Structures are given as C-alpha cells and as structure tokens.
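Dropping the sequence and predicted coords here.
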Amino acid sequence: MSAEGLVTTPRLGGGADDIYLYGGLFAGAVGAFCLTQIIGRQFGLVSDLVAIAGDATCGWSWLLVRALFQSDKPRRAAWPLVLVLVLVASGAVLRLSGGSADTLPRMVENLGELVSSALLLLAAIDPLRGLNAHMRQGERRFRMVFSAGYVALLAIAVLWVDGAPSGGAMAPWKMAIKSACAACALLGMAFAIWYRHRHPFPAPCMDRRREKTADAHGLAAPLRKLMAQEALYTRQSLKVADVARRLGAPEYKVTQCVTGSLGFRNFNHMANYFRVEEAKRQLADCAYAHLPILTIAYDCGFGSIGPFNRAFKAETGLTPQQFRKTSSPPSKL
C-alpha cells in the first residue's frame, strides 16, 4: 500500500521483545521444573533454587500468552510482571522455610495457590478475547487451537493428575505425567512464537468517523501530503518542530494529530512508517537491485542499519533481505 493510504496501515504495539523475553523465561522455568523431578532435594540449597525457578511456570506462561495475543497494547503494563514476581517470591519463601506449618508460610502457600490458579485460567481465556467474525480465519483458528490445547494440558496435569488420590494407581506416574505435560506445553509455546513471528497482528483499520472526529485541527491531510509527497521523512534528524513549522501549526497540535487521528504511537513511529514504505518500494524495484540495503536505509532517512532492520521487521514481519528476495521480480535472461 502506498504511504498515502496511511490511516489503514499503521501497526500498533508490537510485543516481539516481550514474546521472546517471556518465552525464554517460560522455557527456563519448564526446564527447572523437569530438572527438579530428576534431582529431587539431593543437592540441598541448589535443589531448592532450581525448584524455585520452576515454581512460577504458570506465571511465565501467562505473560507469554499476553504477549502473543494482546500485542496491540502499545504500552507495557507493570502489574502483570509484578504479580508473577510475587508468585516467585512466595514459592521461594515456602521452599526456604522447609515446609513449616507456621501461620505465615501457610498463608503464603494459600496465596500462591490462589494466584497460580487464577493465572492458569487467564492464560486459557486470553487467546479468546477479541475473537470475532471480522478476524482473519487463520488467526481465529490459531487462537482456538491454542486455547483448546492449553485447556487439555491443564485438564491432564491439574484436574486428572493432581486430583488423583495420593495412594492410588496414578501416584507413581504423577511427576512423569506432569513433566510430559510441561514438555508438551514448551513445544506448544515454541510453535505459537514461531507462528506469531510468521503471522504478525494485522494492522488495525481506523474508523473513518473516529478519524474525522479526532482530526479537530484539520492537520491529517496536510501532514500526510507533506510526508508522502515531499518525502520529509528522508531527513534523519526530523523532529516534530520541523513538521509543525512547515504546517504553520503548534507542535502539540501536530503531536495530537499523529497519535490521535493518524493512530501512531509517537512522531518517530510515523516517520519510520513512511521510511519503511519507501524502503519497501525500493527493495521491490529491480532498478534499485544494485544498491546495498544499508544505502537504501540511509536514503530513506534511517541513521544506521540496526533501527532500520527493527522498524522494517515490525511493519512487515520480514527482514529487509527477506523482503527483497520475496518481492523482487525474477531477472530476465
């Protein structure tokens, strides 16, 4: 899409960093949980520390699920991470207290179990939030399959195994089954991360009525024209003040237009959007095939290759090199 079709194309949020962060923490917690089943308590404090690392598996899985299915949130909230850290701390208190029957450890244990149960339930529900008929079919299927698989693992590990009598036939296999469920959860999460990497969230389409209401100062159309037709974005040091001066408007009104009617997170996000659009055009044009990607990045207004690669992948889901390979027409012999 050309840069002038701006209102329907900006990509909000983008939780890629959170996805990989929480994916790594979840994988580490699963590994620690499985290792605890193998080594038991034979290594004293080291065993306790490994067990503590594996106690909050449900918490890290919930944070990962949030990142996978709520990446349209442009700002990271602190309270979910704080909640999981409280869960980790409660597990540490219980482990290091040696299973004391005192009132405080018992209260901490009850709190930890309550929070863990709530997070498991939220992780199963979060993929289904926002599910509607307007969502693309592949995304809907992905969410429903993920949620069904997560519920199935919970049913096996929590309802069936944990709910079995302590002296029943299930007892000798309890830890083995829970470890197998944890391994399946790890594989499922890895697939979900791969899928989200290959199928980023589609850019939300802004309601035209909302755009008209938000653009109270009438700056949206002149701003789009200034950026798209005059290529103001190619200036590497472009600032809000530069655009405001060209439009003859106060900076705060330009900022309100950028984050309101145009739907970007901030001014830099808007400038990078236009830069990436121009880079996409050049990478797909055989007339620019002789130019290195770094040269194209500079020509489009980026100061270095790192920010260019990150902004390009956030908008397209591909690296510039991958985009060039898939978009360039085959050469004629």
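Looks like it came in fine.

which stretches of the stretch 201-333 of the chain form helices?
Along the stretch 201-333 of the chain, the segments classed as helices by DSSP state H, counting those that start in this stretch run 208-214, 220-230, 240-247, 251-259, 267-283, 293-299, 305-316, 320-327.

Alpha carbons of the fourth one, as PDB, please.
Okay, so that is helix 251-259. Extracted C-alpha coordinates of helix 251-259, given in PDB (Å, rounded to 0.1, in the frame of the first residue of the first chain):
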ATOM      1  CA  GLU A 251       3.800  21.300  18.000                       C
ATOM      2  CA  TYR A 252       1.200  20.000  20.400                       C
ATOM      3  CA  LYS A 253      -1.500  20.000  17.700                       C
ATOM      4  CA  VAL A 254       0.800  18.100  15.300                       C
ATOM      5  CA  THR A 255       1.500  15.600  18.100                       C
ATOM      6  CA  GLN A 256      -2.200  15.200  18.800                       C
ATOM      7  CA  CYS A 257      -2.800  14.600  15.100                       C
ATOM      8  CA  VAL A 258       0.000  12.000  14.900                       C
ATOM      9  CA  THR A 259      -1.200  10.000  17.900                       C
END
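
List of residues touching it?
Outside helix 251-259, the residues within contact range by Cβ atoms under 8 Å, 6 or more residues apart in numbering are 214-215, 217, 219-220, 223, 240-241, 243-244, 247, 264-267, 270. Quick note: C-beta positions are derived from backbone N, CA and C, even for glycine.

so what's Pro214 scoring on pLDDT?
Actually, residue 214 is Ala rather than Pro. The pLDDT attached to Ala214 in the predicted structure is 49.

what does the one 4 residues further on give?
For Gly218, the pLDDT comes out at 80.

quick one: it from Gln256, how far?
The spacing between Gly218 and Gln256, counted by Cβ to Cβ, to the nearest Å, is 12 Å.

now do Thr319
According to Cβ to Cβ, Thr319 and Gln256 sit 34 Å apart.

What residues of the helix or strand harbouring Gly112 count as buried?
Using DSSP states H and E, Gly112 maps to helix 103-125. Using 16 or more other Cβ atoms under 10 Å as the burial criterion, the residues of helix 103-125 that qualify are Pro105, Val108, Glu109, Gly112, Val115, Ser116, Leu119, Leu120, Leu122, Ala123, Ala124.

Restricting to C-alpha, output that helix in CSV.
This file holds the C-alpha atoms of helix 103-125, laid out as CSV (Å, rounded to 0.1, in the frame of the first residue of the first chain):
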residue,chain,number,x,y,z
THR,A,103,0.8,-19.5,60.1
LEU,A,104,2.7,-17.2,57.8
PRO,A,105,4.1,-19.9,55.5
ARG,A,106,0.6,-21.4,55.3
MET,A,107,-0.8,-18.1,54.3
VAL,A,108,1.8,-17.6,51.7
GLU,A,109,1.2,-21.1,50.3
ASN,A,110,-2.6,-20.4,50.0
LEU,A,111,-1.9,-17.1,48.3
GLY,A,112,0.5,-18.7,45.9
GLU,A,113,-2.0,-21.5,45.0
LEU,A,114,-4.8,-18.9,44.5
VAL,A,115,-2.6,-16.7,42.2
SER,A,116,-1.4,-19.8,40.3
SER,A,117,-4.9,-21.0,39.7
ALA,A,118,-6.0,-17.5,38.5
LEU,A,119,-3.1,-17.2,36.1
LEU,A,120,-3.7,-20.7,34.6
LEU,A,121,-7.3,-19.7,34.0
LEU,A,122,-6.4,-16.3,32.5
ALA,A,123,-3.9,-17.9,30.1
ALA,A,124,-6.6,-20.2,28.8
ILE,A,125,-9.1,-17.3,28.3
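
got any ranges where the stretch 151-300 of the chain has weak pLDDT?
Using pLDDT under 70 as the threshold, the predicted model of the stretch 151-300 of the chain has low-confidence ranges 163-171, 201-217.

who has more neighbours, Gly218 and Gln256?
The residue with the greater number of neighbours, taking Gly218 and Gln256 and applying other Cβ atoms under 10 Å, is Gln256; the counts read 18 against 12.

wait, doesn't Gln70 sit right on Ile125?
No - with contact defined as Cβ atoms under 8 Å, Gln70 does not reach Ile125; the gap is 11.6 Å.
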